[in-house]
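Enquirer: Next come a sequence and a model predicted from it.
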Amino acid sequence: SQQGEEDPQALSIQEGENATMNCSYKTSINNLQWYRQNSGRGLVHLILIRSNEREKHSGRLRVTLDTSKKSSSLLITASRAADTASYFCAFVNAGNMLTFGGGTRLMVKP
Amino acid sequence: NAGVTQTPKFQVLKTGQSMTLQCAQDMNHEYMSWYRQDPGMGLRLIHYSVGAGITDQGEVPNGYNVSRSTTEDFPLRLLSAAPSQTSVYFCASSLLISTNTGELFFGEGSRLTVL
């Protein structure tokens, strides 16, 4: 069974709006990562946040991490149609296993 | 750089057949792993390796074998294919997964159908 869950499972917004995706996990972690997957392609790494960090930015991406609540969020600001993809959180828990959440399917309408 | 290369991209098997999915990376990464992706299930870890000669089981290892004889290659073997193994398989590598730079690099996937 997966150790991570994401919500919402699907999100549809208009271009220019912000998109927020949430990830929850169950164990202590070393770091938490977010990946993007375009339809029919492999996953691409977006951003990594360490367990001792609370917030991180990369371009239009903002990631927060709350280890007390075992949760993270990914915010995409000023979304574009090209942001349409599935987004996954992933984290290293015990040992060397990187576990993925179920993903959020984002659709950005032009 | 080619990054992570998976072959074949598509494969159709009959129940009981065996096959090997190939994965190669040219980034000198120590960590390599195989995931399967099923609709609504996200990605589940099958097997992983932290270096040549070292492999370990992930979340769903049954029905699959791996070996790591070189740093570059990490083949996944299906011993006796079953319809439940119909999935998209991804190979991924990383410099070292447990560090704060443990970014995974993914191949483009291998779509397997077992009839």
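Expert: Noted; the coordinates are in hand.
Enquirer: which residues does residue 87 contact?
Expert: Defaulting to chain A. Shown in contact with A:Tyr87 (Cβ atoms under 8 Å, 6 or more residues apart in numbering or on different chains): A:Glu6, A:Met21, A:Trp34, A:Tyr35, A:Arg36, A:Gln37, A:Leu46, A:Leu74, A:Gly103, A:Thr104, A:Leu106. The C-beta positions use only the backbone N, C-alpha and C, and glycine is treated the same way.
Enquirer: my bad, chain B
Expert: B:Arg36, B:Gln37, B:Asp38, B:Leu112.
Enquirer: For it, list each beta-bridge partner.
Expert: B:Leu112 (DSSP bridges).
Enquirer: Quick check: chain neighbours aside, which residue is closest to A:Lys109?
Expert: A:Gln14 (5.4 Å; Cβ to Cβ, 6 or more residues apart in numbering or on different chains).
Enquirer: any idea how far that neighbour lies from A:Lys56?
Expert: 26 Å (Cβ to Cβ, to the nearest Å).
Enquirer: Looking at those two now, which is surrounded by more residues?
Expert: The neighbour comparison of A:Gln14 against A:Lys56 (other Cβ atoms under 10 Å in any protein chain shown) goes to A:Lys56, with 16 against 10.
Enquirer: Ramachandran coordinates for the more buried one?
Expert: phi -150, psi 150 (degrees, to the nearest 10).
Enquirer: Mind pulling up the pLDDT for it?
Expert: Note on A:Lys56: pLDDT of 97.
Enquirer: Now do the same contact list for it.
Expert: Per Cβ under 8 Å, 6+ apart, neighbours of A:Lys56: A:Ile47, A:Leu48, A:Ile49, A:Arg62, A:Val63.
Enquirer: what are the bridge partners for the first one, then?
Expert: Okay, so that is A:Ile47. Here A:Ile47, judged by DSSP bridges, has bridge partners A:Trp34.
Enquirer: Please report how far it lies from B:Glu103.
Expert: For A:Ile47 relative to B:Glu103 (Cβ to Cβ), the value is 9 Å.
Enquirer: Return every residue with contacts to both of those two.
Expert: Counting by Cβ under 8 Å, 6+ apart, the residues touching both A:Ile47 and B:Glu103 are A:Gln33.
Enquirer: Looking at chain B, which strand is longest?
Expert: strand B:42-51 (DSSP state E).
Enquirer: buried set for it?
Expert: Buried positions in strand B:42-51, judged by neighbour count with 16 or more other Cβ atoms under 10 Å in any protein chain shown: B:Gly42, B:Leu43, B:Arg44, B:Leu45, B:Ile46, B:His47, B:Tyr48, B:Ser49, B:Val50.
Enquirer: Tell me, how many residues neighbour B:Thr7?
Expert: Neighbours of B:Thr7 (other Cβ under 10 Å): 15.
Enquirer: what's the answer for the one 3 residues further on, then?
Expert: The number of residues packed around B:Phe10, counting by other Cβ under 10 Å, is 9.
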